[in-house]
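In: Sharing a sequence plus its predicted fold:
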Amino acid sequence: MSERNKDIFIELLSLVTEQRNPRTMDIDERDTLGTLRVINAEDKLVADAVEKEIPRIEKAVKLIVTGLRRGGRLFYFGAGTSGRVGVFDAAECPPTYGTPPEMVQGIIAGGRRALYRAVEGAEDRGDEARKLVRKLRVGRNDVVIGIAASRRTPFAKAAVAEARRRGARTVYLTCNPRRTMDFPVDVAICPEVGPEVIMGSTRMKAGTAQKLVLNMLSTCAMIQLGKVFENMMVDLMATSKKLAERSRRVVMVVTGVDYDTAADCLVLAGGSVKKAIVMIEVGVGVAEAERLLARSSGFVRRALRLGYKSRRRGTGMRRSE
């Protein structure tokens, strides 16, 4: 065994995500129902582990919002399951929140083909990660999040180190204890989900924890950027029939108008749910709706308040308060 391989072997021995789970030692003897119950019991531990990390998640959200408001971008770097989780979260932002594709990007070791099948050795390519960070021109307004259940993944660590060198803010998401973090980042998010049902199969609890954390990071950031009104997405892009119908339904729910009125107003608003809501609720045209939203930094609730105040109308005031 080479010295390098020996070092990796010794490192793996210390990782929580590589330990054997004492509660599943007999899983190969359980029947189907018993196997499913033990998997479910382990999954129940994930949400509690994520809850303990909320203070760190909050710090990361603040970094993301500050960066995006300054015109920066959010990058997820990971390998295998961690990389796929990042790519999936990034891919959902444009249709859900109307963000440009470059605003939130998921980078997976091994490139696009690694989304569909394992690319052997891709996670070890730290040089590739550094080159990608440079190629993307990551800078001071950007936020780079490394995702690695084991913490040790060279691809994720190298991406974060290079981003930090270039002045970006950095976050690391791992399912090993915070005390094991041996490199600097602005925020370390470390939900400790414990050993997997099947030793080392981090696509299970660790992957679930990563998905939950990314859900929180991107969703909370988008809310802080004004892309949600009440609990509805109002910056969604009608890129499919389903999303077009969802746009109409949101306008109907907020304003109380019928289907045809909502559809017609969306046409006048160029498909913008935000503009349609302000137009109907305040009783103004497209230009005035745009002005109110601009003055409100894109927040519908604030735009409605301004509109009601300027027209000295109380209609709908309770909804916007």
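Out: It's in.

In: what about stretch 153-164, distance to the chain center?
Out: Taking C-alpha atoms, centre = their mean, to the nearest Å, the mean C-alpha location of stretch 153-164 is offset from the chain mean by 19 Å.

In: just for the stretch 201-321 of the chain, where's the confidence low?
Out: 312-321 (pLDDT under 70).

In: Strands of that one, residue ranges please.
Out: Using DSSP state E, counting those that start in this stretch, the strands of the stretch 201-321 of the chain run over 228-229, 232-233.

In: Can you give the contact residues for the first one?
Out: Meaning strand 228-229. M222, V234, V254, K274, I277, F299, V300, R301 (C-beta atoms under 8 Å, 6 or more residues apart in numbering). Every residue, glycine included, has its C-beta placed from N, CA and C.

In: Would you verify that G106 is located in a strand?
Out: Yes - under DSSP: H, G, I helix; E, B strand; the rest coil, G106 sits within a strand.

In: Just grab the bridge partners of it for me.
Out: Going by DSSP bridges, G106 is paired in beta bridges with Y76.

In: for it, what are its contacts?
Out: Contacts of G106 (C-beta under 8 Å, 6+ apart): F75, Y76, G78, G83, G86, V87, F88, D89, A90, A91.

In: Also R134?
Out: R134 neighbours (C-beta under 8 Å, 6+ apart): E162, R166.

In: How about stretch 131-142, which residues are buried there?
Out: Buried positions in stretch 131-142, judged by neighbour count with 16 or more other C-beta atoms under 10 Å: L132, V133, L136, V138, N141, D142.

In: Which two among the residues you listed are spaced furthest apart?
Out: Greatest spatial distance in the buried residues of stretch 131-142: L132 and N141, 17.9 Å, computed using C-beta to C-beta.

In: got TSV for the buried residues of stretch 131-142, with distance to V193, secondary structure and pLDDT too?
Out: Formatted as TSV, the buried residues of stretch 131-142 follow (distance: C-beta to C-beta, whole Å; DSSP: H, G, I helix; E, B strand; the rest coil; pLDDT from 0 to 100):
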residue	distance to V193	secondary structure	pLDDT
L132	28	helix	97
V133	28	helix	98
L136	30	coil	98
V138	29	coil	98
N141	32	coil	98
D142	29	coil	98
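
In: With respect to V197, which of these is nearest?
Out: L132 (33.1 Å).

In: from the middle of its chain, how far away would stretch 165-183 be?
Out: Remark: stretch 165-183 is offset 17 Å from the chain centroid, using C-alpha atoms, centre = their mean.

In: Alpha carbons of that stretch, in CSV - could you do that?
Out: What follows is stretch 165-183, C-alpha atoms only, in CSV (Å, rounded to 0.1, in the frame of the first residue of the first chain):
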residue,chain,number,x,y,z
ARG,A,165,-8.1,32.9,-2.3
ARG,A,166,-10.0,34.9,-4.9
GLY,A,167,-11.9,36.8,-2.2
ALA,A,168,-15.3,35.0,-2.4
ARG,A,169,-17.2,34.0,0.7
THR,A,170,-17.2,30.3,1.4
VAL,A,171,-19.5,27.8,3.1
TYR,A,172,-18.9,24.1,3.7
LEU,A,173,-21.6,21.5,4.1
THR,A,174,-20.5,18.2,5.6
CYS,A,175,-22.1,15.5,7.8
ASN,A,176,-19.0,15.0,10.0
PRO,A,177,-18.5,16.9,13.2
ARG,A,178,-17.4,20.6,13.1
ARG,A,179,-14.4,19.8,15.3
THR,A,180,-13.0,17.8,12.3
MET,A,181,-12.9,20.8,10.0
ASP,A,182,-9.2,21.3,9.3
PHE,A,183,-9.4,24.2,6.7
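
In: tell me which residues in it are buried?
Out: Buried, per 16+ other C-beta under 10 Å, within stretch 165-183: R166, A168, R169, T170, V171, Y172, L173, T174, C175, N176, T180.

In: and if you look at stretch 56-67?
Out: For stretch 56-67, by 16+ other C-beta under 10 Å, it's R56, I57, A60, V61, L63, I64, V65, G67.

In: again, but for stretch 80-91
Out: So, applying 16+ other C-beta under 10 Å, buried residues of stretch 80-91: G80, T81, S82, G83, R84, V85, G86, V87, D89, A90.

In: okay, those residues in JSON lines with pLDDT and secondary structure next?
Out: As requested, the buried residues of stretch 80-91 are exported to JSON lines (pLDDT from 0 to 100; DSSP: H, G, I helix; E, B strand; the rest coil):
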{"residue": "G80", "pLDDT": "93", "secondary structure": "helix"}
{"residue": "T81", "pLDDT": "94", "secondary structure": "helix"}
{"residue": "S82", "pLDDT": "96", "secondary structure": "helix"}
{"residue": "G83", "pLDDT": "96", "secondary structure": "helix"}
{"residue": "R84", "pLDDT": "96", "secondary structure": "helix"}
{"residue": "V85", "pLDDT": "97", "secondary structure": "helix"}
{"residue": "G86", "pLDDT": "98", "secondary structure": "helix"}
{"residue": "V87", "pLDDT": "97", "secondary structure": "helix"}
{"residue": "D89", "pLDDT": "97", "secondary structure": "helix"}
{"residue": "A90", "pLDDT": "98", "secondary structure": "helix"}
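
In: That's all I had, so thanks and see you.
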